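>>> Just to be clear, the model below is a prediction. Sequence and coordinates:
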Amino acid sequence: MKSPTTLEDLVGIEYCKLGFYQDLQQKVEQLKTSNQELEKKRREIQAVLDGITDLMLVLSEDMKIQQVNYVFTKWFPGIDPIGRFCYQVLRGTTRPCDDCPARRALDLCQVVKDICIYKIDNKFRQFEIIASPLKTDPAGEHNVLLFKRDVTLEKEYQAQFYQAEKMATVGVLAAGVAHEINNPLAAINGFAEGLKRRITRIREKIDGKLVEDFEEYTDTIIKECLRCRDIVQILLTFSRPVGSGHCPVDMNQCVKDTLFILKHRFKERNNVTIEADLQPNLPMILGDESQMKQVIINLLTNALDATINGGDIRVITGAGPKGAVNLIVRDSGCGIPASLKDKLFEPFFTTKPVGQGIGVGLSTCYTIVNNHRGEISVISEEGHGASFKVSIPEMNLA
């Protein structure tokens, strides 16, 4: 039989309840204080993250996006990336990227830096990537913190500065050589003309065969002097300062002048056949003649390098749709691997050995064509040649 509850028992229960509620109230106050401190730290961290203008992502080990910062919504508006694979969102592909910096960071457990190119809004954008592994829990699961910084303008400015410096040096050299050559050429041409006139006067006193030989020699000297003069004039068009102003430009004439300048290189490569298919009466474009020749010479030089084992190179011009003038440089060389196509127009990217190229040719072409409100594209398959197409709006004569 249960014993009856006494007064002492009731007093003990109430006392215990009172102590419990007091402890609970203290715990609640401590939790409130801790929550306020955590909220303060969260705001501080958020303020720091909001001050970062780079794109930031947190990826899981299987490359799924766990978290992004506000920059993502600016670069990719209207896209919810959480839980999706990064290569699906950033690259639009169905499989992980080759040589992924995030994967390398996880495998090596160290910070990895890389440069990549994405095509956003039909424009190639270059990004500097920093991948840093993060250990998120004692069980050993790893995430990776990924930063992407848009360095397109920085790289373009670097390439433009280097190319401008290079062209300025070449320009000074070309101008100096031109003037130094012009003086002796003028003298040679003048004396050859004088000899020709004197031979005509004494034709009756000298053997006819000897006169014919002298006339042939003097004609050859004069013709070669005029040829050298034309070379000097074409060389001077390449030495004009970059940004000298846009004016009507004949694309066909640019091709002819460039082929003339590179004639000696084609002669050295007797295993390469070059063919020019230039559409007559091609519309003029509004542009910089020296820069357009620079584009052509870069594309032809790359085509020559691609046909190191022999092949064919075709230079084609023609009127394109929507009032455009097209230039196509096509070769039957080694082609371009699919993994490298996205990097072709990246400044300082090159597949050539050290000392044979620094990788500013195609990036400079891209910048020049873009400044002319045009487009440059490439179609290539490894082992089956490449075709570069430049399309520039024709000049509006209205």
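On my side now, so go ahead.
>>> The top strand by length along the chain - which strands sit beside it in the sheet, and in what orientation?
As assigned by DSSP state E, the longest strand anywhere in the chain is strand 123-135. With DSSP bridges as the test, strand 123-135 is paired with strand 112-120 (antiparallel), strand 142-150 (antiparallel).
>>> Out of those strands, the one nearest V329 is which?
Taking C-beta to C-beta, strand 112-120 is the member of the strands paired with strand 123-135 nearest to V329, at 21.6 Å. Just so you know, the C-beta spots here come from the backbone N, C-alpha and C atoms, and that holds for glycine as well.
>>> This structure: strands as residue ranges?
55-59, 65-68, 112-120, 123-135, 142-150, 247-249, 272-278, 285-287, 311-320, 324-331, 375-380, 386-393.
>>> List the residues that contact the residue lying closest to E289 once chain neighbours are set aside.
Closest residue to E289 apart from its sequence neighbours, by C-beta to C-beta, 6 or more residues apart in numbering: V249 at 5.0 Å. Residues counted as contacts of V249 (C-beta atoms under 8 Å, 6 or more residues apart in numbering) are M284, I285, L286, G287, D288, E289, M292.
>>> Tell me where the stretch 151-300 of the chain has helices.
Assigned by DSSP state H, counting those that start in this stretch, the stretch 151-300 of the chain shows helices spanning 152-201, 208-238, 251-261, 263-268, 289-306.
>>> which of these sits most buried?
For the helices of the stretch 151-300 of the chain, average neighbour numbers computed from mean count of other C-beta atoms under 10 Å are highest in helix 289-306, which has a mean of 22.
>>> which residues of the stretch 1-150 of the chain score low on pLDDT?
For the stretch 1-150 of the chain, applying pLDDT under 70 flags the ranges 1-21, 45-46, 48-51, 118-124, 135-141.
>>> Of the strands of the chain, give the one that comes closest to D305.
Once the strands of the chain are compared by C-beta to C-beta, strand 324-331 is nearest, at 9.4 Å.
>>> The closest one pairs with which strands, and in what direction?
strand 311-320 (antiparallel), strand 386-393 (antiparallel).
>>> Contacts only, for the residue nearest to S377 when sequence neighbours are not counted.
If the residues on either side of it in the chain are set aside, S377 comes closest to K389, at 5.2 Å by C-beta to C-beta, 6+ apart. Residues in contact with K389 (C-beta under 8 Å, 6+ apart) are N326, L327, I328, I376, S377, V378, I379.
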